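Build me a model from this:
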Amino acid sequence: MADLEPVDEEWQRGLCVVAHPDDLEFGAAAAIARWTDQGKHLSYVMVTSGEAGIDSMTPDECRRVREAEQIESARIVGVDTVEFLGLPDGILEYGIALRAAICRTIRQHRPEVVITANFRDTWGGRALNQADHIATGRAVLDAARDAGNRWIFADQLTDGLEPWGGVRQVLASGSPEAGHAVDTTATFDRGVASLKAHQAYIDGLGWAFDPEEFLEGFSRPAGTRLGTTFAAPFEVYFLAFGG
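Next up, the predicted model:
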């Protein structure tokens, strides 16, 4: 398998936009810990609150639990801004409404880099991806371009909100088409701790599941391809506003 190239880390502001609480922790959190250690500013935006994710809990109860777990998980890796857009879990649809919601938050946060989760149809082979992940990632990619065009979602441009064409890259964590990676050797343990913070969700899955073993299962092979002990793989999309 081909070597992975290092992710360009010459940036200071990042925005993480994913469908559910836990999506970042299943792959990107150790990289986020590395970046906050470098002094970068990152914020989290969850499109849903994952309220349909635990069968034994009602959606209202589940929402409260999963939001609290996500806030704690973010704290572990140095992120203190966590927002929930409140769209319905499990039935996200790619389209104008989702693009608009994500475009607005990109204009508000003005990041140079946007991080999302894998939005390919699979995780590789026959392991199917979830519809919410696919819809969100596709909308993130489009919204990163939409945000810079004042004539797209122009109704948002009130009360001082301006277009933002400064997104240079979108990074999709865990993509089977990943060609880049970040060395997470020094922050791997914090990535594990951030996943463990989602204990109610992990218990609700009913898996015989060890977070450290799971994360090592893809971090070590990615590290070998990068030339490090551990790494987080990303598919990188390079954006140029107006292109």
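
any idea how far the residue minimising distance to the centre of the chain is from residue 175?
The centroid of the chain falls nearest to residue 116 when counting by CA atoms, centre = their mean (3.4 Å). Using CB to CB, to the nearest Å, one obtains 10 Å as the distance from residue 116 to residue 175. Glycine gets a C-beta too; all of them are placed from N, C-alpha and C.

Same check on residue 139?
Using CB to CB, residue 139 is found at 16 Å from residue 175.

Counting neighbours, go ahead and name the busier of those two.
Each of residue 139 and residue 175 has its neighbours counted (other CB atoms under 10 Å); residue 139 has more, 28 against 23.

residues in contact with the more buried one?
Shown in contact with residue 139 (CB atoms under 8 Å, 6 or more residues apart in numbering): 94, 95, 98, 99, 102.

how about the strands of this protein, start to end?
Residue ranges of the strands in the chain, as given by DSSP state E, are 5-6, 13-18, 41-46, 82-84, 113-117, 169-173, 180-183, 231-238.

Describe which strands the fifth one pairs with in its sheet and in which direction.
Applying DSSP bridges to the sheet, strand 113-117 is found paired with strand 13-18 (parallel), strand 169-173 (parallel).

The first one too?
Strands flanking strand 5-6 in the sheet, each with its direction: strand 180-183 (parallel) (DSSP bridges).

How about residues contacting the strand it pairs with?
4-7, 9, 31, 34, 171, 222-223, 225-226, 228, 230-236.

And the pLDDT at the nearest residue to residue 113 once chain neighbours are set aside?
In this structure, residue 113 finds its nearest non-sequential neighbour in residue 14, 4.6 Å apart by CB to CB, 6 or more residues apart in numbering. For residue 14, the model assigns a pLDDT of 98.

Phi first, then psi, for the residue of the chain positioned farthest from its centre.
For the chain, the residue at maximal distance from the C-alpha centroid (CA atoms, centre = their mean) is residue 159, at 28.0 Å. When read as degrees, to the nearest 10, the backbone of residue 159 gives phi 50, psi 40.

Residue 96 versus that one, what's the distance?
Counting by CB to CB - residue 159 and residue 96 are separated by 22 Å.

One more: residue 85?
15 Å.

how distant is the helix-or-strand element of the chain with minimal mean pLDDT from the center of its chain?
Counting by mean pLDDT, DSSP states H and E, the chain has its least confident helix or strand at helix 199-205, which shows a mean of 91. The chain centre lies 19 Å from the centre of helix 199-205; the measure is CA atoms, centre = their mean, to the nearest Å.

List the buried residues for that helix?
200, 201, 202, 204 (16 or more other CB atoms under 10 Å).

still on that earlier bit, please spell out the ChimeraX selection for the buried subset of the contacts of strand 180-183.
To isolate the buried ones among the contacts of strand 180-183 in ChimeraX, judged by 16+ other CB under 10 Å, type:
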select :4,7,31,34,171,222,223,225,226,228,230,231,232,233,234,235,236
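
Kindly export the top helix by length along the chain (C-alpha atoms) in PDB.
Counting by DSSP state H, the longest helix found in the chain is helix 59-76. In PDB, the C-alpha atoms belonging to helix 59-76 read as follows (Å, rounded to 0.1, in the frame of the first residue of the first chain):
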ATOM      1  CA  PRO A  59     -34.600  10.800  22.100                       C
ATOM      2  CA  ASP A  60     -34.900  13.600  24.700                       C
ATOM      3  CA  GLU A  61     -32.900  11.700  27.300                       C
ATOM      4  CA  CYS A  62     -30.400  10.500  24.700                       C
ATOM      5  CA  ARG A  63     -29.900  14.100  23.400                       C
ATOM      6  CA  ARG A  64     -28.900  15.400  26.900                       C
ATOM      7  CA  VAL A  65     -26.600  12.500  27.500                       C
ATOM      8  CA  ARG A  66     -24.800  12.600  24.200                       C
ATOM      9  CA  GLU A  67     -24.400  16.300  24.200                       C
ATOM     10  CA  ALA A  68     -22.800  16.200  27.600                       C
ATOM     11  CA  GLU A  69     -20.500  13.300  26.500                       C
ATOM     12  CA  GLN A  70     -19.400  15.300  23.500                       C
ATOM     13  CA  ILE A  71     -18.600  18.400  25.400                       C
ATOM     14  CA  GLU A  72     -16.400  16.400  27.800                       C
ATOM     15  CA  SER A  73     -14.800  14.500  24.900                       C
ATOM     16  CA  ALA A  74     -13.900  17.800  23.200                       C
ATOM     17  CA  ARG A  75     -12.400  19.200  26.500                       C
ATOM     18  CA  ILE A  76     -10.000  16.200  26.700                       C
END
